[in-house]
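Trainee: Model the following, please.
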Amino acid sequence: MTVLLLHVPVGFEEAYPLALATIAAPVIASGHPVEGLDVARAGLAGLRARLALGDVDLVGLSAWSPGLSAARDTIATIRHAAPRVPVVVGGPHPSLAPGDLDADVVVKGEGELLFSEVVNTFARGDRPPPVIGPPAPLDLATLPLPDRTVFRVRDYHRDHNPRGRVYTASVTSRGCLHECGYCSAPALWGRGHRFRPAEHVVDEWSRLRREHGVDAILVEDDLFTQLPSRVSELCEALIAAQLGIGFELINGLRPETLSAGLLRELAAAGCTRIALSLETASESALNALGRGSDIGRVTRIVAAARSAGLGVTGYFLLGLPGETATDRERTFTWARELGLDMAHFSVASAWPGTHFDGPLSLVTRQERARLYARWYIHPVRALRAARMLGVTPSQLPIMAERLWTWMTKPLEARTGRDA
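Mentor: Numbers count the residues shown, from 1 in each chain. Okay, the predicted model is just below:
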């Protein structure tokens with residue numbers, strides 16, 4: 001069977017479709033040709049043109065909650081252009097709300113092996129059940145590496161971000177032992193943490209360096225530093241391998257999992273930037289989210305990271321239950337006092353798998369935009385961000401335009417449905 005995998009846009013940023021590359025590998029190993037198409041680039045007209053060739057036997061796509069509207073439009077286009085071609089969907093949103101999309105088959109949970117089974121079932125002329133999975137937790141050591149030819153690495157390299165390097169995404173572990181109210185990871189993976197062996201990660205990164213010219217990795221683990229001893233083991237393996245490759249931990253680390261010693265190990269292994277999940281300056285709000293916090297420890301961790309030579313980004317969450325504009329101002333002041341290189345102010349959203357202790361507070365796009373403007377219009381903070389991203393001061397207006405595009409797109413949902 002000829003399988004067409006579709007990368008459906010989520011926002012305006014271009015992220016490498018790692019999930020699709022991962023499910024492609026077992027399908028290709030089964031002998032089926034697999035092709036990738038980026039709907040954000042080709043557009044729905046390009047999708048119609050590709051389907052009009054008549055050789056696609058099955059379409060697969062992964063859907064995130066913020067991209068639910070785009071996923072629905074994409075499926076509607078497939079239904080009109082190729083009504084007999086089965087549509088298989090997976091990813092975070094269908095795993096948690098399988099009835100929200102018009103799919104022939106929904107794959108819940110980890111889809112690497114299940115999707116390949118679905119393709120083989122259709123190839124035999126049979127029809128799989130409409131919803132399959134989730135499977136038992138997979139052994140990450142036995143999964144094949146993502147196939148990076150279906151979606152080429154260099155097609156997703158943003159040459160200005162960061163430092164002009166050739167970046168791609170990688171996952172070294174799955175799951176999280178915590179149950180933060182704003183995060184759906186426990187609902188997706190179960191309350192556990194599994195990680196790939198250090199040699200498995202080193203092998204993948206070595207191939208990325210050798211075969212694709214990658215010299216930096218964006219690590220997208222749910223919580224990379226969940227087990228410090230495992231982090232130390234991986235750092236030792238990376239140092240010994242001397243890959244000439246850097247990495248950034250961009251998915252929001254919990255400060256309580258970090259120490260000055262671990263930060264130095266990360267820097268020695270090639271880490272250049274960490275992102276901290278900080279959310280709010282309100283300790284009562286953090287407790288309500290299941291987080292807990294020692295704000296004094298955050299200050300020490302930021303200082304230790306900077307001392308180790310690491311860039312530091314802070315993630316903050318606006319619109320929590322009971323939050324006021326005064327609370328948001330207090331959070332902004334705290335972020336400023338921490339001396340971060342960058343800060344991101346997201347709006348809490350009631351996606352499937354999240355849980356809050358009350359209704360979310362209203363945050364207008366204008367208020368959020370003002371926070372960003374106040375942060376990045378400051379010359380010292382703007383230059384810090386420019387240095388970390390590897391852009392020159394003359395490129396800052398381009399970055400500001402990108403930020404404004406992000407700010408003005410209605411990506412967040414306040415009720416659990418797409419905006």
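Trainee: show me the contacts for Ala325.
Mentor: Neighbour list for Ala325: Glu367 [criterion: CB atoms under 8 Å, 6 or more residues apart in numbering]. C-beta coordinates here come from the backbone N, C-alpha and C atoms, glycine included.
Trainee: Neighbours of Thr142, how many?
Mentor: Neighbourhood size, Thr142 [other CB atoms under 10 Å]: 9.
Trainee: middle-most residue in this protein, spatially?
Mentor: Centroid-nearest residue in the chain, with CA atoms, centre = their mean: Glu220, separated by 5.7 Å.
Trainee: Sketch out the strands for the stretch 1-150 of the chain, chain order is fine.
Mentor: 3-7, 34-38, 58-62, 87-90, 105-107, 131-132 (DSSP state E, counting those that start in this stretch).
Trainee: C-alpha coordinates for the fourth one, PDB please?
Mentor: Read it as strand 87-90. Taking Å, rounded to 0.1, in the frame of the first residue of the first chain, the C-alpha atoms of strand 87-90 are listed here in PDB:
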ATOM      1  CA  VAL A  87      -8.100   8.000   7.000                       C
ATOM      2  CA  VAL A  88      -6.200   6.900  10.100                       C
ATOM      3  CA  VAL A  89      -5.500   9.500  12.900                       C
ATOM      4  CA  GLY A  90      -3.500   9.400  16.000                       C
END
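Trainee: Ranking helices and strands of this protein by mean pLDDT, which lands last?
Mentor: Lowest on mean pLDDT, DSSP states H and E among the helices and strands of the chain sits helix 396-408, with a mean of 64.
Trainee: Sketch out the low-pLDDT regions of the stretch 151-300 of the chain for me.
Mentor: Filtered on pLDDT under 70, the stretch 151-300 of the chain yields the residue ranges 157-164.
Trainee: now the helices for it?
Mentor: Taking DSSP state H, counting those that start in this stretch as the test, the helices found in the stretch 151-300 of the chain are 185-189, 198-212, 228-241, 260-268, 283-288, 295-307.
Trainee: Residues contacting the longest one, please?
Mentor: Taking contacts as CB under 8 Å, 6+ apart, the residues outside helix 198-212 that touch it are 140-141, 145-146, 148, 153-154, 166, 168, 170, 172, 214-215, 217, 233-234, 236-238, 241, 243-245, 247.
Trainee: Same question for the last one.
Mentor: With CB under 8 Å, 6+ apart as the contact definition, helix 295-307 has outside contacts at 255-256, 258-260, 263, 274, 276, 278, 281, 283, 312, 334, 338-340.
Trainee: which neighbours does the helix or strand just after it have in its sheet, and in what orientation?
Mentor: Per DSSP states H and E, helix 295-307 leads on to strand 311-318 as the next helix or strand towards the C-terminus. Partners of strand 311-318 in the sheet, by DSSP bridges, are strand 271-279 (parallel), strand 342-347 (parallel).
Trainee: Can you say which of those is nearest to Thr74?
Mentor: strand 342-347 (24.7 Å; CB to CB).
Trainee: Among the strands paired with strand 311-318, which comes closest to Cys180?
Mentor: Closest of the strands paired with strand 311-318 to Cys180 is strand 271-279, at 8.0 Å (criterion: CB to CB).
Trainee: can you give me the offset of that closest one from its chain's centre?
Mentor: Taking the mean of its C-alpha atoms, strand 271-279 sits 14 Å from the chain's own mean (CA atoms, centre = their mean, to the nearest Å).
Trainee: got the angle between that strand and helix 228-241?
Mentor: For strand 271-279 and helix 228-241, the angle between their directions (axes from the mean of the first three to the mean of the last three CA atoms, to 10 degrees) works out to 160 degrees.
Trainee: what does strand 271-279 rub up against?
Mentor: Residues outside strand 271-279 that contact it (CB under 8 Å, 6+ apart): 162-163, 182, 216, 246-255, 258, 263, 266, 285-286, 289, 291, 298, 301-302, 305, 310-317, 320, 335, 341, 388.
Trainee: What would it look like as CSV? C-alpha coordinates only.
Mentor: Once non-C-alpha atoms are left out, strand 271-279 reads as follows in CSV (Å, rounded to 0.1, in the frame of the first residue of the first chain):
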residue,chain,number,x,y,z
CYS,A,271,23.6,21.3,26.4
THR,A,272,23.4,25.0,25.6
ARG,A,273,19.9,26.0,26.8
ILE,A,274,17.3,24.8,29.3
ALA,A,275,13.7,25.9,29.7
LEU,A,276,12.1,25.9,33.1
SER,A,277,8.4,25.2,33.9
LEU,A,278,7.7,28.1,36.3
GLU,A,279,4.1,28.9,35.5
